[in-house]
Each structure stands twice: as structure tokens, then as C-alpha cells.
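[1] Predicted model follows, preceded by the sequence.
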Amino acid sequence: MEGPKGIELAAIGPTDRGYLWRASRNREHDRIVLTVDPRFCDERFRHALKNLRQRQHPRMLRIASEGWSGAHYYIEYEVDPPWQTLEERLAGCAGWRDRILLLGPVCDALPLWQRSPVHPLGLNLRNIVLTDHAGHELPWLLPCPAITISSPCDLFGLDSTVVAALAPEAIRDIVRLDRKQDMYALGTLVAQAAGCPESRSARDDESRIEAQARGALLGTTATGSVIDPFVHAAPQVHDLFRTVRHYRHPTPDARPHDVGELRSALAAVTDPIALAEVFRSIDPSRALELLSSVDPGDPVQHLRGTCLAAEIHRDSGDRERLLRCLDLAVSLAPERIDLRRHRSEARWDLLRTTPGDVPAAETDLLLKDLKLVRALDPSAGTMPYLCAAEIHRRNGDPASAAKELYDALELDPTDLDALLLYAQCWMDLDDRASAAAVADAARRRISGMVRAGVISGREGQQWNDRFDGLSG
């Protein structure tokens, strides 16, 4: 193919308005060229193209030049390399969620594109290119006026990738140009990003165009898509495909007027934390698999996902993984006292059942957390004191344990657990008189709590039995 003077062309593929080529002028791949069949370059087309070139439109590639080159009309676009077409970028995605995430920015760009004179936009996977901007991928559209076709046969030569994005009415009623075709194309891009399968019977131009005129060329259900089968049952997935079908409704007036509905559906189905919430009770391992895809570069999402993973491990009784998650959560949000409290509880729960000596670093970290919780979380009650006391007793320091329990009982004199442990500390110190005095005080409090209805008579007797056991 002969291109504009001075550059060579490398094929990208057909679109509904011509054929796209990768080209280089000042540096490698800094140009994209669209060649248009001369049959469609009528006066209306060239006039519309002239108007389009008069100003730069938001998030559309600038038209550097246009004119005749041999037997074809060409439009030369400037683009900052490196870049990929949306089709190429989708092909390089490792997972379904990465593919669908690419469509969010496309939805965001659509209102900007619609402010241009291009009507309709003619969206497809090839005339949207992605470039890097400060670490984010931005979609750009190759602007081109719509061509005037006289018969569906003029669409022969297009492959399914492009034909599927053509609204059925554009094939059946070729004179109708409506913004609702943009909505149809947008819904199609999402279906293609999700890997919806194409009709197996549409193998040639005629059957392909006929199928699309009925809206039957591309599937719009999760079955056969690239979305993991275990996720199909999630309400977010059902909602996504229901929304895609709404945007691809065969009746133009039944389609949404803007991108809001689809943008929300995309955000919901690509939120691994929301999906994990759905599966946490049904299939915890799948929930954790989903959480593994949370972007660690997003501190808010990373923390949310880590906290949910901790809850799942707590529910399953996996104390080691629970503690690892809480260690990570605290490192992400060291100011969160609630996380410190949960971590101290989890660390003590693990350490108390760990045989043999516990590394000093572990107990030091636990005591540090307990000190912060005690100072900054009044709702924690006597828990930090009791836990610290248990640590000191385990470390062979009953005197320090007794001090912690004295402070706990100052905070809540009715805490029977603290009273029992306080008495045991005096036994550890071989001070039976002090232990007996604590036991007597406890019995009086138990009697008062029974009379007040705080505990039942049976519970009171069980507590008395425990204190009696100290002197046995």
C-alpha cells in the first residue's frame, strides 16, 4: 500500500471507515495512517474532514495531513509512541479483570469524544489507541467522518472485530446516523473485552453482515467469555452482562443515553474486594484468590483487601495467615488502633499455643501493641491488661503480671477473669494469704452479681468452684 510521501506503512487492520496502518515519520511509529476507498471520499466526507481538522478535539489524535496518495485517500494522525490499539492491548492482558479494567477509561472518554463533529464516532477496537501518561494508560480516538455507504455490501471486507461494533440499524437503515450507535459500540467493546464468543456460523462477508443486522454476531453472556467460570455466579457479573445487553439493545431508543450505567457495572465487576465478599462464605479459597489481584499500589484498596483476607483467615481458624495479614495491615495503617487491637489478640492467640520458647521480638511487639491499645482504645476494656499479664506469667514474671491485673481491676472491679488471674499470680509468688484475700473478695462480688442478675446462680457457683480450686 502506498502511503503519504516519505513514510512506509505496516498493516494494523480494517475499520468501518477504511484501513489502518502503523507508520513512522520523525521517529518510530509516531504516525497512524487511515486509507479510505475513493468511493467514499465524496464532497460531504472531505468537507466534514476539513471542519474536523480546524481544531484539536479532546482526547482525539491530531490530524497531521490528509489527501490523495495513489488510488486512495489518506488521513495521517500524530501519536506519541509507544502506543497500542485497544485490540492489541487486550491481547496482551494476562487476566479477565485486566481486560475489563481497560474499558473504564474508554467510558470516561466517550463524553469528550462526543463533543466533536464526528457523528457517530464509529468506535471499535482498532481506532482507539492507548498511550502512557504519567503511569496511566489513556485512550485516544482516531477521528474520521462517517462514510456514506449505499448498500450493506459496502461493508464486505470487514472482519467480525469491526462488524460487531456496528449498530444493527446502521446496516439495516444505512441513512440513519445517531449517537445511540456510540452506546451500542461501547457495549460491544465491553463484550469483546470480556471475550464473548462470536457466532460460529458467520464465516464469510454475507453471513457476518446478516448476523450483525440481527444483533446475533457477538454473544453477550458470561458463558464462553474469558471471565473465570467460578465468578459467573456473582451478582456483579450478571449485572455487567445485563448492562451490556441494554447498551446493545436492537432498538436504538431503548439504549441508555450516557455511560453512567455501564461505568458503574464495570467498576463493580472489577472490584476484587466486592467479589471476594460474595464468595467469602461460599468458597473462601476463591475469595482469597480474588483478593490476590488487589493492586498493592493502591493503598486504600490494598488495606481493604488485606483486612478482608484477615477476616477470612480468622473465620477458617488459620491463625498464622491471620497474623501475617494483620501485620501487613498495621504496616499499611499504623495509626489504626483497631488493627493494633486485632493484631494483639491474634498474636497472643498464636503465641499461647506455641510450644517452647517464644522469640523475645514477638513478645516485645505484642506488649507494644497492648500498650497503645490500652492508652488509645477505651472500648478494649481490660483485655490489654489481661493479655499483658498472661505474657509476663509465661515469661516467669508473676510480679509484673500482678501489676497489670491490679490496673485492670481498677478499671473494672467486676472482671472475674482478672480476679482469678490476679489470685493465681499471688499463688505463683507463694503468697497464699494474698491469694486467699483476692478469692474472698471475688466470692463477695460473685454473690452480688448473682443477686443483681448479672450472672445466673449456676454461673456464680462455677466461678466459686474456680476460686476454691486455688487453695486445693
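    Arrived safely.

[2] Run through the residues that contact the nearest residue to P284 once chain neighbours are set aside.
    In this structure, P284 finds its nearest non-sequential neighbour in I312, 5.1 Å apart by C-beta to C-beta, 6 or more residues apart in numbering. Every residue, glycine included, has its C-beta placed from N, CA and C. For I312, the contacting residues are A276, R280, P284, A287, L288, L291, by C-beta atoms under 8 Å, 6 or more residues apart in numbering.

[3] try 6 Å
    With contact set as C-beta atoms under 6 Å, 6 or more residues apart in numbering, I312 has these partners: R280, P284, A287.

[4] By neighbour count, which of those wins?
    Among these, A287 has the most neighbours (other C-beta atoms under 10 Å), with 22 neighbours.

[5] So that residue sits against V278, correct?
    No. At 7.9 Å, A287 does not count as touching V278 under the criterion of C-beta atoms under 6 Å.

[6] just to revisit the earlier point, element containing the residue nearest to P284?
    Assigned by DSSP states H and E, I312 belongs to helix 299-316.

[7] Buried residues, that helix. List them.
    Judged by neighbour count (16 or more other C-beta atoms under 10 Å), helix 299-316 contains these buried residues: 302-314.

[8] What is the nearest of the residues you listed to A164?
    Using C-beta to C-beta, G305 is the member of these that lies nearest A164, at 34.7 Å.

[9] For the closest residue to the closest one other than its chain neighbours, give me its contacts.
    Leaving out its chain neighbours, the residue that sits closest to G305 by C-beta to C-beta, 6+ apart is V294, at 3.6 Å. By C-beta under 6 Å, 6+ apart, the residues touching V294 are P272, Q301, H302, G305.

[10] can you check R97 too?
    T270.

[11] Tell me, what's the model's pLDDT at it?
    Here the pLDDT value assigned to R97 is 94.

[12] all numbers from here: first residue = 11
    Understood, numbering begins at 11; the last thing we discussed is R107.

[13] mind checking the SS state of it?
    helix (DSSP: H, G, I helix; E, B strand; the rest coil).

[14] what's the spacing between it and L285?
    9 Å (C-beta to C-beta, to the nearest Å).

[15] cool, and H39?
    For H39, the distance to L285 equals 37 Å [C-beta to C-beta].

[16] quick one: which of those two has more around it?
    The residue with more neighbours, out of H39 and L285, is L285; 24 against 15, by other C-beta under 10 Å.

[17] can you tell me the average pLDDT over the strand or helix carrying the more buried one?
    Element membership for L285 (DSSP H and E) is helix 282-289. Averaged over helix 282-289, pLDDT sits at 96.

[18] Settle this for me: P162 is touching A180, isn't it.
    No. Using C-beta under 6 Å, P162 is not in contact with A180; the gap is 9.5 Å.

[19] Tell me which of these two has more neighbours.
    Comparing P162 with A180 by other C-beta under 10 Å, the one with more neighbours is A180, at 26 against 18.

[20] which element is the residue lying closest to the more buried one once chain neighbours are set aside on?
    Nearest non-adjacent residue to A180, counting by C-beta to C-beta, 6+ apart: Q191, 5.8 Å away. If you go by DSSP H and E, Q191 is part of helix 190-203.

[21] next structured bit after that helix?
    Toward the C-terminus, helix 190-203 is succeeded by helix 215-223 as the next helix or strand (DSSP H and E).

[22] Distance from that next one to the middle of the chain?
    Mean-position distance between helix 215-223 and its chain equals 36 Å (C-alpha atoms, centre = their mean, to the nearest Å).

[23] So which elements touch it?
    helix 178-182 (3 or more C-beta pairs under 6 Å, 6 or more residues apart in numbering; DSSP states H and E).

[24] mind listing the strands for the protein?
    Counting by DSSP state E, the chain has strands at residues 19-25, 28-33, 41-46, 73-79, 82-88, 93-95, 138-143, 146-151.

[25] Now do C206 against W358, distance only.
    Distance, C206 to W358, by C-beta to C-beta: 51 Å.

[26] Distance check, the residue nearest the centre of the chain against I138.
    In the chain, the C-alpha nearest the mean C-alpha coordinate belongs to D281, at 2.9 Å (C-alpha atoms, centre = their mean). Applying C-beta to C-beta, the value for D281 to I138 is 24 Å.

[27] cool, G327 as well?
    From G327 to I138 the distance is 49 Å (C-beta to C-beta).

[28] Look at the two and report which has more neighbours.
    Per other C-beta under 10 Å, whichever of G327 and I138 has more neighbours is I138, with 25 against 8.

[29] Got the domain ranges for this protein?
    19-88, 93-278, 281-388, 391-482 (automatic domain parsing).

[30] what's the spacing between stretch 241-249 and its chain's center?
    14 Å.

[31] ok, now stretch 107-117?
    Stretch 107-117 sits 11 Å away from the centroid of its parent chain (C-alpha atoms, centre = their mean).

[32] roughly how far apart are the closest residue to D305 other than its chain neighbours and D108?
    Nearest non-adjacent residue to D305, counting by C-beta to C-beta, 6+ apart: Q311, 6.0 Å away. In this view, Q311 and D108 are 15 Å apart by C-beta to C-beta.
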